[in-house]
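Chemist: give me a model of this one.
(chains A and B)
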There are 2 protein chains.
Amino acid sequence: MKNFSTATRALRRRLGTRVSVADDALFRASFDGSKLAFPPEAVVRPRARADIAAVLALANRHGVPVTVRGGGSSLTGSGSPVRGGWVLDLSRWRRIKIDADAGMCHAQAGAKIADIHAAAEAAGWFYPPDPASKKYCTIGGNIACNAGGMHGGRYGVTRDFVLALKGFLPTGEYVEWGRATKKFSAGFNLRDLWIGAEGMLGVVTEAVLKLIPLPPARWTLLTAFADEVTALGAARALFSQRVQPAICEFLDRHSVQCAEIKTGRSVFDGQSGRPVILLELAGSVHELAEQKQTVLAWARSHASAFREAASRDEAEQLWEVRRKCSGAMFALGDSKLNEDIVVPLRNYEKFARALDRLRASSRLPIPTFGHLADGNLHVNIMYHRDNHAEYLHAEKAVGELMKTVVALDGAISGEHGIGLAKTPFLRIQHSPAQIKAMRAIKTALDPRGILNPGKMFEVFKVWEHPRLKIDLPWDHK
Amino acid sequence: MKNFSTATRALRRRLGTRVSVADDALFRASFDGSKLAFPPEAVVRPRARADIAAVLALANRHGVPVTVRGGGSSLTGSGSPVRGGWVLDLSRWRRIKIDADAGMCHAQAGAKIADIHAAAEAAGWFYPPDPASKKYCTIGGNIACNAGGMHGGRYGVTRDFVLALKGFLPTGEYVEWGRATKKFSAGFNLRDLWIGAEGMLGVVTEAVLKLIPLPPARWTLLTAFADEVTALGAARALFSQRVQPAICEFLDRHSVQCAEIKTGRSVFDGQSGRPVILLELAGSVHELAEQKQTVLAWARSHASAFREAASRDEAEQLWEVRRKCSGAMFALGDSKLNEDIVVPLRNYEKFARALDRLRASSRLPIPTFGHLADGNLHVNIMYHRDNHAEYLHAEKAVGELMKTVVALDGAISGEHGIGLAKTPFLRIQHSPAQIKAMRAIKTALDPRGILNPGKMFEVFKVWEHPRLKIDLPWDHK
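Modeler: As a prediction, this is how the structure comes out:
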């Protein structure tokens, strides 16, 4: 890894105590949720915009890599400073202001999603994107990977709620894309180009988010099915009736088994080990009363059993199952590849069959759960890292999974992004012309290549890098 | 204007009858809704993707400008081939396919918005963006300028409904951005970079659009107010109650007067000459029943009078007023500058006062109407083109209007884009760093500068160019 000590000395002269080179600070900034660790030379905690401009100016002068960091919970390595250099830590930029009249939230990049949820709800508004790591991840990180969550099918993903962004070009110039308005059609749309660019095209310091009215009522239904193909076909039958649940979570039988082992009780009495779909409707009381009838009729004709939550408490118990299943999977292996692929609705059953073939060929447990209303399924390839055979099978299985989803007209990532971990698969998803266009944009905006280098386009051999043996809060172990 | 006759001969050899150089074809392709006319050398009507690739390859080889054309209804000149060259006419690429299970529409670039609406509604789905020119304009053009319409406040604009795009890079390579899925987080987001890029960064041939369930019921209310400031303050009070009308249209007293002169009857009996707000709620029958009570209570405390439509026919009569007012304005002048500015909610009243000052200083009628739920107001500066004093006043008034909206944290365009007409104001909206970044992207993707050159960034002296004296269907005269 290149040494930037001259530049780092200049940085410390310029920003003083805002720059840390202490071992523990460098260690904590060396990895993200991928647990792929690369030590930076300095961590900068800017206090003002001018500090960020100064960091970027120095980085451009000396060619120093700069990796922006929020909660550090990315699962792909997009937050790991793979080329060393400096980490720009915006986790203290966490101011949140709700404009209750306009239904908008002004949030600094380091604001946590759970805090945005709470602030919006206190004002009667709702910010739907809800990654599982919402207590830890920041809006800046969510913008970087265009994060989604359980509400994506009905309400959309981060991109659908960003009205405006403020921040810095890689060259260090302050810019604003869009305004706090719901329409803006003046000039090229760099706001959306920044969304999902994984911190490679600019530094986001602030976002204006669109909010929607908080649904006054919710209703939860747990349904069990004979098998995965039946469950997925049933989901399609539901959507074709123009029903849009706020949440529609699928747990295959393997995920259900994990949850049952973990909790010591069955997810659905009498339906033990069967795949389930957990549905939530949201809206006005009267609206729900109407939709419930449609959904119950659907459940009667497709599910092997169903149970509606009689109260918020009971609903909470049902959701508990969904939350537990991810952490519970570590009973199947000490390592998990959580692949956030997307499959179009029409190919759900084909995908379920392909997954079964993958389980057979890899001889690995691959519990799968996820968001049926948008086809974003979390395929969890479990293995023991010290078991060489499992390790090799896992590596091969990921590659086959990615080819399968692209062949089914899907996406290799729905909400995590590419980072380091998915770089081997970018060329399955995108043609050479598409990648050439992306790289041309990168060079145009970041001629020195200082912002988050080594990500997305350069193939990273993830299997040659040991991952840190560390538990992180969002592992939910 | 440069001559490209060698290239045009090569084009005709290559594409035969798909290329027209007939005078009437060249004339019809020489202008758009801006009526700023510049003759092209050839019009190409491609039959297959390979034709488009061939056009772009030749254009790059010979440096020929290529302007893509759909319905030709742009109001900014973004569709006028200002540098000559070739017009690529996609108006016959109009296939529409509804995926009724997934709630998606696959549309070729030349599909008309009204046809997309009809196809979606026939399947119980709804595509909300609805520019006034919807019977004429195409989805390709709507993507080019990120068109909006009356539903923007609640549902969003074109960008919010585009899931995937297919088409060509300026260099002639076929690309696909995104998939027919609601989540996609793999690689830089060129899909959204193309949206609003006014045909300067790529040629869109096909789009996958997200649909939402068709609301089963609608309810219309007409409200009149003492004056504009009262009306705009009332709108803010309504939104602060978390009510999101599907439509919330404002007509200032000048627009109302135009409609009354045109139709010979008052818009609202007993409220003649007063500003009105026309509201539409949409949703399930029960949902509307709840919301109606809130809206009626609001009307009682803010409006000078209100009337709800007792039937769809009566509602249609109320909407008729809204549709008539735009064409009716030609009684005030033979020329109209329809400026689609955006103002944030909190500055509505300030803007109303600024408009009154503008009317006083310009001594021109400036009837204003528009979409209150997203702040996108159509400010119509009316003048007689042969009256030199009015002409000069109009030119000055537009400039002052643009400075005002940007000073109020708004946008110089909410749905029309920049084209030629707004090029003098781009630098009011965007800083030099922002424009430099946009131009860097243009150069990166279109190194020969062939796609729609002369737009957006180069200042076009619109007041030195006579506009065609011609009536177009979407003028609604």
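Chemist: how many other residues sit next to residue A:15?
Modeler: As a burial measure, residue A:15 scores 19 neighbours (other C-beta atoms under 10 Å in any protein chain shown). Yep, even glycine has a C-beta here, placed from its N, CA and C like the rest.
Chemist: which ones are touching it?
Modeler: The contact partners of residue A:15, taken as C-beta atoms under 8 Å, 6 or more residues apart in numbering or on different chains, are A:44, A:46, A:51, A:54-55.
Chemist: run the last query once more with 6 Å
Modeler: Residue A:15 makes contacts with residue A:51, as judged by C-beta atoms under 6 Å, 6 or more residues apart in numbering or on different chains.
Chemist: just after whichever strand or helix holds it, pick out the following helix or strand.
Modeler: Residue A:15 is located in helix A:5-15, with elements delineated by DSSP states H and E. Helices and strands here follow DSSP H and E; after helix A:5-15, the next one along the chain is strand A:19-20.
Chemist: run the chain-centre distance for that following strand.
Modeler: 29 Å (C-alpha atoms, centre = their mean, to the nearest Å).
Chemist: and if you look at stretch A:149-160?
Modeler: 11 Å.
Chemist: what does stretch A:399-419 give?
Modeler: Worked out by C-alpha atoms, centre = their mean, stretch A:399-419 lies 14 Å from the chain centre.
Chemist: and it, end to end?
Modeler: Using C-alpha to C-alpha, to the nearest Å, the end-to-end distance of stretch A:399-419 comes to 16 Å.
Chemist: need the residues that contact it.
Modeler: A:75-78, A:145, A:147-148, A:198, A:340-344, A:347, A:351, A:354, A:358, A:376, A:379, A:422, A:425-426, A:428-429, A:455-456, B:179, B:181, B:183-186.
Chemist: repeat that for stretch A:378-390.
Modeler: For stretch A:378-390, contacts defined as C-beta under 6 Å, 6+ apart pick out A:329, A:332-341, A:364-370, A:394, A:397, A:401.
Chemist: quote the end-to-end distance of that stretch.
Modeler: From its first residue to its last, stretch A:378-390 covers 20 Å (C-alpha to C-alpha).
Chemist: how about the one residue in the stretch 201-350 of chain A that gets nearest to chain B: what's its closest non-neighbour residue?
Modeler: Here the stretch 201-350 of chain A gets closest to chain B at one residue, residue A:286, 3.2 Å apart by C-beta to the nearest C-beta. Nearest residue to residue A:286 in three dimensions, chain neighbours excluded: residue B:286, at 3.2 Å (C-beta to C-beta, 6 or more residues apart in numbering or on different chains).
Chemist: same question for residue A:57.
Modeler: Residue A:57 sits nearest to residue A:172 (C-beta to C-beta, 6+ apart), 4.6 Å away.
Chemist: tell me which residues touch the one you found, please.
Modeler: By C-beta under 6 Å, 6+ apart, residue A:172 lies in contact with A:53, A:56-57.
Chemist: residue A:231: which element?
Modeler: Using DSSP H and E, residue A:231 falls in helix A:228-239.
Chemist: give the buried residues for that helix.
Modeler: Buried positions in helix A:228-239, judged by neighbour count with 16 or more other C-beta atoms under 10 Å in any protein chain shown: A:228-232, A:234-235, A:238-239.
Chemist: so where's the longest helix in chain A?
Modeler: Criterion DSSP state H: the longest helix present in chain A is helix A:388-407.
Chemist: what comes into contact with the very next helix or strand once past that one?
Modeler: Using DSSP H and E, the helix or strand that directly follows helix A:388-407 along the chain is helix A:426-429. By C-beta under 6 Å, 6+ apart, the surrounding residues in contact with helix A:426-429 are A:402-403, A:406, A:412, A:418, B:186.
Chemist: mind putting the residues you listed in CSV, distance to residue A:261 included?
Modeler: Below are those laid out as CSV (distance: C-beta to C-beta, whole Å):
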residue, distance to residue A:261
A:402, 29
A:403, 31
A:406, 33
A:412, 30
A:418, 33
B:186, 33
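Chemist: and those, which are buried?
Modeler: Using 16+ other C-beta under 10 Å, the buried ones in these are A:402, A:406, A:412, A:418, B:186.
Chemist: of those residues, closest to residue B:460?
Modeler: residue B:186 (38.1 Å; C-beta to C-beta).
Chemist: just to be sure, that closest one is in a strand?
Modeler: No: read with DSSP: H, G, I helix; E, B strand; the rest coil, residue B:186 is coil and lies in no strand.
Chemist: list the contacts for it?
Modeler: Counted by C-beta under 6 Å, 6+ apart, residue B:186 has contacts A:411-413, A:429.
Chemist: before we move on, what about residue A:77?
Modeler: Residue A:77 neighbours (C-beta under 6 Å, 6+ apart): A:34, A:36, A:419-421.
Chemist: rerun at 10 Å
Modeler: A:31-38, A:198, A:417-423, A:454-455, A:460, A:462, A:465, A:467 (C-beta atoms under 10 Å, 6 or more residues apart in numbering or on different chains).
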